[in-house]
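Peer 1: Sequence plus predicted model, see below.
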There are 2 protein chains.
Amino acid sequence: MSNYDRSRTIVTTHEKGDRVPTAPAARTLDHPEPGEITLEGVLHALSDPMRLQIVRFLWPLEQDEEAPCSAIDLAITKSTTTHHFRVLREAGVIRQVYRGTAKMNALRRGDLDALFPGLLDAILTADAARRGREDRLARSPA
Amino acid sequence: MSNYDRSRTIVTTHEKGDRVPTAPAARTLDHPEPGEITLEGVLHALSDPMRLQIVRFLWPLEQDEEAPCSAIDLAITKSTTTHHFRVLREAGVIRQVYRGTAKMNALRRGDLDALFPGLLDAILTADAARRGREDRLARSPA
DNA sequence: ACGTTCATACGATAAACGACGTACTACGAT
DNA sequence: ATCGTAGTACGTCGTTTATCGTATGAACGT
């Protein structure tokens, strides 16, 4: 289940002579190959309000521009945030990479557009339109 | 297939007085108003393989053309089929109406296109492309 | 060495989900 | 009246999900 690279974390037992975590070997994260990305998986990943909010945040960024997890203000705890980012990554929607102490996130726009042309834009445009409607409703006299 | 006789459709409300006991107020089904349809709900409804298969079946039909539940051959039992159709209906993806002993289904194409322009086509085109890829892979020499 | 910051792992929990079987209803035809 | 067909209601079962809290780890400054 966890794609976290445990090659080094396992070593909590400093048994003196066994694997010592002297070579951090840059934490890596598993991402699905384009061929492993499924439409159902992507749709499911985007069917959660929090995750949609994350993608909405990432969407306007330049191609491959990255943002740390903490850049997005979600009304959930940090551990739940981690969970949602992982779901998005495992579905192939975002790419995550460690940069120092932060974990940067970027939409896998190229891969998704190649696999499902127009899908991402249709979803996010639809979402933007929906939000526009709701805002207008909220502002209109009751 | 698709030649359903609509000549005896609507008339469940008999003129005579009010609700005639023989006509138990024509079973009706609740559908969300366009304003109640959410993007998350639609995405969630379409993120299941069986439901995607249902929509894929309904998609090529003419505008508002209907098909009974039984027209689609799903590898699940009847009760599970009922469940999936209900999820689609409650998400606003399809419209269901009783016609005699059958329950007819149609995509709510107009409503969906108005709310989320391009979304349905993007999803189903993406799905078709994906299936094309998989078929090619399956046929290629191992 | 120490503390701060960012993010994870783990464990718990309550809810939702997908699937099933059985018993049932509604409608139309025999 | 009875039967078959189409679909529902309900209860169950096992899995997944979304959320949390707490403890932990990794990188960076001081």
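Peer 2: Thanks, I have it.
Peer 1: mind listing the strands for chain A?
Peer 2: Per DSSP state E, chain A carries strands over the ranges A:67-68, A:94-99, A:102-107.
Peer 1: okay if I get the ones you listed as JSON lines plus distance to A:Arg51, mean neighbour count and mean pLDDT?
Peer 2: In this view, the C-beta of every residue, glycine as well, is placed from N, C-alpha and C. Putting the strands of chain A into JSON lines (distance: least, Cβ to Cβ, whole Å; neighbours: other Cβ atoms under 10 Å in any protein chain shown; pLDDT from 0 to 100) gives the following:
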{"stretch": "strand A:67-68", "distance to A:Arg51": "15", "mean neighbour count": "16", "mean pLDDT": "93"}
{"stretch": "strand A:94-99", "distance to A:Arg51": "9", "mean neighbour count": "17", "mean pLDDT": "94"}
{"stretch": "strand A:102-107", "distance to A:Arg51": "12", "mean neighbour count": "20", "mean pLDDT": "94"}
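Peer 1: partner residues bridging A:Arg95?
Peer 2: In this entry, A:Arg95 is beta-bridged to A:Ala106, by DSSP bridges.
Peer 1: Neighbours of A:His44, how many?
Peer 2: A:His44 is flanked by 18 other residues according to other Cβ atoms under 10 Å in any protein chain shown.
Peer 1: do A:Ala75 as well
Peer 2: 8.
Peer 1: Provide the backbone phi and psi angles at it.
Peer 2: In terms of degrees, to the nearest 10, the main-chain angles of A:Ala75 are phi -90, psi 40.
Peer 1: Buried residues, stretch A:79-90. List them.
Peer 2: Using 16 or more other Cβ atoms under 10 Å in any protein chain shown as the test for burial, stretch A:79-90 gives A:81, A:84-90.
Peer 1: Any part of it near DNA strand C?
Peer 2: Yes: under the criterion of Cβ under 7 Å from any atom of the strand, DNA strand C is reached by stretch A:79-90 at A:79, A:81-82, A:85-86.
Peer 1: can you list contacts of that stretch?
Peer 2: Residues outside stretch A:79-90 that contact it (Cβ atoms under 8 Å, 6 or more residues apart in numbering or on different chains) are A:3, A:29-32, A:41, A:45, A:48, A:50-51, A:54-55, A:69, A:72, A:74, A:76, A:94-96, A:103, A:105.
Peer 1: How about that stretch and DNA strand D, touching?
Peer 2: Yes: using Cβ under 7 Å from any atom of the strand, we find that stretch A:79-90 touches DNA strand D at A:79-80, A:83-84, A:87.
Peer 1: tell me the contacts of A:Ala129?
Peer 2: Contacts for A:Ala129 (Cβ under 8 Å, 6+ apart) come out as B:115-117.
Peer 1: Now do stretch A:73-80: distance to the chain's middle.
Peer 2: How far stretch A:73-80 lies from its chain's middle: 13 Å, per Cα atoms, centre = their mean, to the nearest Å.
Peer 1: low-scoring stretches of chain A, by residue?
Peer 2: Across chain A, the ranges flagged by pLDDT under 70 are A:1-26, A:141-142.
Peer 1: how many neighbours does the nearest residue to A:Ala45 once chain neighbours are set aside have?
Peer 2: Closest residue to A:Ala45 apart from its sequence neighbours, by Cβ to Cβ, 6 or more residues apart in numbering or on different chains: A:Ala91 at 3.7 Å. Neighbours of A:Ala91 under the rule other Cβ under 10 Å: 22.
Peer 1: Contact partners for A:Ala91?
Peer 2: Going by Cβ under 8 Å, 6+ apart, A:Ala91 touches A:32, A:37-38, A:41-42, A:44-45.
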